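Colleague: Structure for this input, please:
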Amino acid sequence: MLQDLSVDNGGLSFTPLVVVELASDTKEEAIAWLLNRMRDLQQNGGAELLVEQLGPGVWVQEKDNPNVFLVGASRQRLLSGAEDVGLFKEFSDGSMRVFTFANKHDFKDFKGDGDTFLSMAECQYIIKHELDTLRARDETHVPGYTQAKLYPGKSIVRRLQSKGILIQMFPLHEKEELKRLTFSWYKKVKLSFQPLDDIRHYYGEGLALYFGFLEYFTFALVPLALIGVPYYLFDWEDYDKYVVFAVFNLVWCTVILEFWKRCSASLAYCWGTLSRKKAFEEPRPGFHGVLGFNPVTGREEPLYPNVKRQLRIYFVSLPFVLLCLYGSLYVMMVYFQMEFWALSVHDEEPTFWTGILLFIPSIIYAVVIEALNLIYRYAAEFLTDWENHRLESSYQNHLVLKVLVFNFFNCFASLFYIAFIMQDMALLRQSLATLLITSQILNQFMEAFLPYWLQRRRNKKMIRKVQKRKTLEDKELPLVEQVRLEADMSTYLGTFDDYLELFLLFGYVSLFSCVYPLAAVLVVLNNITEVYSDAFKMCHVFKRPFSDPAGDIGVWQLAFEAMSVIAVVTNCALIGMSPQVKAYFPDSETQLILWIVAIEHVLLAFKFILTFLIPNVPKHIRVKLARLEFESLEALKKKKMLEASGLSKMAQ
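Modeller: Got it, this is the predicted structure:
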């Protein structure tokens, strides 16, 4: 949304890349101190960035926050920052290598002074990194805020965020590039791959990998959908009682995840994040504790005993999660009572309306499930915050575990009960279809249409304000109004909810689609609309997120693999319950169970063997990585030899 934006800063002209907004009542001494640290030279402990306060717009209101600052950097500063963050770029020989400022001309796309070498997303990520690594020196507290204590060597920005002084920090959109991306991404309906390289170029690797996984998952579902349509239309399930489909399901859910690892590794290598080392993690902004010394860094910082955290987890969080699971179980039993009532009404006097009534309990239950998932999500976030995890990775792992356990139980418990306790396949088919369709409609409404409607209202208000003072061509807002409009946009909270939705859809397909073969078809249709709705909201509803240099989909890979293991057990059990299989064991149910358990163990063993047989990284990429490692070791040996020969000459 912003292009060629220049702000005069004491004779310097720079393109604003990042917006930093402080609280409107922030004290002047704190603002002056922070700006000085942002502008100061690196050798003095500063970030050496260009900063300018956002001026008043054409329609100033009293509620407008004056403490909004535009941040940029010189080209040389960005290039040196690229080396600081360990950015991988394509070398002249086609390999991906860590960028070094001294060898900048040896990189493929470096031309002239390197003004087009870094993408805007990379520049914004570098600025965020430099701001995040601003360290406290000899200050004991934030100027003007005696309660906001500072610890030597700790991040200033994180401290300001935890104390509510820094409200938000976000990257700006780039108008022309965003227009090109929207046109190639979602503005024209086409049967083709998504522009993943363009998405990565604009939003970063983390978001591009999510859309890559969404695309891969959709294409992987096509064979299952092609088999499911005739299977459903021609009533083949009456012939073989879903055994063939369940067997195919077992192979499918195992193979697609293994090949995704290879696909993910190829993308990450091309984007330079496959072998990128993780930076040393700083404490989370909300982390608190008693002042002490970190045994790893030797720095003074807040420390919190791990024993206290474990007590909170096992004596508060775990009982709360179990209580929520009990509540979900109670709601499920109420749903079954409603279902039995609807069946009794329909059996007494079957009519068109009583036929519709049969679907009402499932629809109500699906809505309640979504509501419970939403309420529990807030409770899980509160509990995980209260547990006071020091690192963001630890926080995310505990949050994901809490949310996945509850969502899995809440969404699938009723289906397991119907399948294995009631053994009513007709009701299972109806419940699965209703839950799947209702949840997809609700998700599309909550994720895309509602945020878009709210954002449109905000946009119209801003445009009306500006048009009172001047006429705009194509509703193109001036810089000040555009920045304030983006500041009011909703913040994109990451890919957590998007991956969670795909995880549940994968569960519906892999666990029970053999009794409702159209499940894969519905999920394919949902994923196609999901691509367009997610693309639209990223471009027009949310603030632009900072680039996330991810090399894979993280903990979600483990979550999907755990679901595929459960799918093996579930489908084997469903096969064992089919009349066709039971006919082979007319006299001994125990023998049937033993055979099913044996087959299940064989399939699980086959699944884990496949994990070892199919390499996670393609061979040509492994060769390139090994060559780079060899060259770096040789260069290190050569450097040591030169240093040794230099010392020997000095000794002589």
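Colleague: Residue ranges in the stretch 501-650 of the chain under the pLDDT threshold?
Modeller: Within the stretch 501-650 of the chain, the segments meeting pLDDT under 70 span 632, 635-636, 639, 643-644, 646-650.
Colleague: what ranges do the helices span in it?
Modeller: In the stretch 501-650 of the chain, the segments counted as helices under DSSP state H, counting those that start in this stretch are 519-540, 555-577, 579-582, 589-613, 619-651.
Colleague: I'd like to check the angle between the second one and helix 589-613, please.
Modeller: Going back to what we said before, that points to helix 555-577. Between the axis of helix 555-577 and that of helix 589-613 there is an angle of 150 degrees, by axes from the mean of the first three to the mean of the last three CA atoms, to 10 degrees.
Colleague: about what we covered before: mind giving me CSV with the helices of the stretch 501-650 of the chain and columns for distance to residue 134 and mean neighbour count?
Modeller: Just so you know, the C-beta spots here come from the backbone N, C-alpha and C atoms, and that holds for glycine as well. Shown next, in CSV, are the helices of the stretch 501-650 of the chain (distance: least, CB to CB, whole Å; neighbours: other CB atoms under 10 Å):
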stretch, distance to residue 134, mean neighbour count
helix 519-540, 29, 20
helix 555-577, 29, 19
helix 579-582, 66, 13
helix 589-613, 43, 13
helix 619-651, 31, 11
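Colleague: Out of those helices, which gets nearest to residue 98?
Modeller: Between residue 98 and those, the shortest gap by CB to CB is with helix 619-651, which sits at 9.3 Å.
Colleague: so who does residue 621 touch?
Modeller: Residue 621 makes contact with 265-266, 269, 274, according to CB atoms under 8 Å, 6 or more residues apart in numbering.
Colleague: Show me the two of these that sit farthest apart.
Modeller: Those two in the contacts of residue 621 that are separated most widely, counting by CB to CB, are 266 and 274, at 8.7 Å.
Colleague: For residue 23, list the residues it contacts.
Modeller: Residue 23 touches 65, 67, 164-167, counting by CB under 8 Å, 6+ apart.
Colleague: Narrow those to those that are buried.
Modeller: 67, 165-167 (16 or more other CB atoms under 10 Å).
Colleague: mind putting the contacts of residue 621 in a markdown table, neighbour count and pLDDT included?
Modeller: Shown next, in a markdown table, are the contacts of residue 621 (neighbours: other CB atoms under 10 Å; pLDDT from 0 to 100):
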| residue | neighbour count | pLDDT |
| --- | --- | --- |
| 265 | 20 | 90 |
| 266 | 16 | 90 |
| 269 | 22 | 88 |
| 274 | 21 | 82 |
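Colleague: which among the contacts of residue 23 gets closest to residue 103?
Modeller: Distances from residue 103 to the contacts of residue 23, taken as CB to CB, are shortest for residue 166 (36.1 Å).
Colleague: is it true that the closest one touches residue 20?
Modeller: Yes. Residue 166 lies in contact with residue 20 (CB atoms under 8 Å); the separation is 7.0 Å.
Colleague: tell me the pLDDT at the most centrally placed residue in the chain?
Modeller: Averaging the C-alpha coordinates of the chain gives a centre point, and the residue nearest to it by CA atoms, centre = their mean is residue 495 (2.2 Å). In the predicted model, residue 495 carries a pLDDT score of 88.
Colleague: Now residue 440: closest residue in space that isn't a chain neighbour?
Modeller: What sits nearest to residue 440 in space, not counting adjacent residues and going by CB to CB, 6 or more residues apart in numbering, is residue 526, at 4.6 Å.
Colleague: contacting residues around that neighbour?
Modeller: 440, 444, 505.
Colleague: Run a quick neighbour tally on the last one.
Modeller: Put plainly, it is residue 505. Residues lying near residue 505 (other CB atoms under 10 Å) number 23.
Colleague: ok, now which ones touch it?
Modeller: Shown here is residue 505, whose contacts under the criterion CB under 8 Å, 6+ apart are 436, 523, 526-527.
Colleague: Quick check: it vs residue 412, distance?
Modeller: Using CB to CB, to the nearest Å, one obtains 12 Å as the distance from residue 505 to residue 412.
Colleague: What is the burial count for residue 423?
Modeller: Residue 423: 10 neighbours (other CB under 10 Å).
Colleague: quick one, strands of the protein?
Modeller: Under the criterion DSSP state E, the chain contains strands at 7-9, 12-14, 18-22, 50-53, 68-72, 88-90, 96-98, 141-142, 145-149, 166-171, 290-293, 300-303.
Colleague: Redo these as TSV? Include distance to residue 156 and mean pLDDT.
Modeller: Converted to TSV, the strands of the chain look like this (distance: least, CB to CB, whole Å; pLDDT from 0 to 100):
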stretch	distance to residue 156	mean pLDDT
strand 7-9	21	43
strand 12-14	22	61
strand 18-22	12	92
strand 50-53	14	90
strand 68-72	14	91
strand 88-90	28	85
strand 96-98	27	83
strand 141-142	8	88
strand 145-149	10	85
strand 166-171	9	92
strand 290-293	17	72
strand 300-303	13	71
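Colleague: Reformat the ones you listed as a markdown table; add distance to residue 117.
Modeller: Compiled in a markdown table, the strands of the chain are given as follows (distance: least, CB to CB, whole Å):
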| stretch | distance to residue 117 |
| --- | --- |
| strand 7-9 | 23 |
| strand 12-14 | 17 |
| strand 18-22 | 19 |
| strand 50-53 | 19 |
| strand 68-72 | 16 |
| strand 88-90 | 8 |
| strand 96-98 | 14 |
| strand 141-142 | 36 |
| strand 145-149 | 39 |
| strand 166-171 | 18 |
| strand 290-293 | 41 |
| strand 300-303 | 36 |
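Colleague: Can you check which of these gets nearest to residue 219?
Modeller: strand 96-98 (25.9 Å).
Colleague: tell me what that closest one is packed against?
Modeller: strand 88-90 (3 or more CB pairs under 8 Å, 6 or more residues apart in numbering; DSSP states H and E).
Colleague: Give me the contacts around the strand it packs on.
Modeller: Defining contact as CB under 8 Å, 6+ apart, one finds that strand 88-90 is touched by 82, 96-99, 107-110, 117, 271-273, 275-276.
Colleague: What of stretch 107-126?
Modeller: Contact partners of stretch 107-126, identified using CB under 8 Å, 6+ apart, comprise 17-18, 73, 75, 78-79, 81-82, 84-85, 87, 89-92, 94, 97, 99, 104, 171-172, 174, 177, 201-204, 544, 546-547, 549.
Colleague: tell me which residues in stretch 326-346 are buried?
Modeller: The neighbour-count criterion (16+ other CB under 10 Å) identifies 328, 331-332, 335-336, 339, 342, 346 as the buried residues of stretch 326-346.
Colleague: what do you get for stretch 74-86?
Modeller: Neighbour-count burial for stretch 74-86 [16+ other CB under 10 Å]: 77-85.
Colleague: Put the alpha carbons of that stretch into CSV.
Modeller: Extracted C-alpha coordinates of stretch 74-86, given in CSV (Å, rounded to 0.1, in the frame of the first residue of the first chain):
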residue,chain,number,x,y,z
SER,A,74,20.3,3.1,5.0
ARG,A,75,21.2,0.6,2.4
GLN,A,76,24.6,-0.1,4.0
ARG,A,77,22.9,-0.6,7.4
LEU,A,78,20.5,-3.1,5.9
LEU,A,79,23.2,-5.1,4.2
SER,A,80,25.3,-5.3,7.4
GLY,A,81,22.1,-6.3,9.2
ALA,A,82,21.5,-9.1,6.7
GLU,A,83,24.8,-10.5,7.8
ASP,A,84,23.9,-10.1,11.5
VAL,A,85,20.7,-12.1,11.1
GLY,A,86,22.4,-14.8,9.1
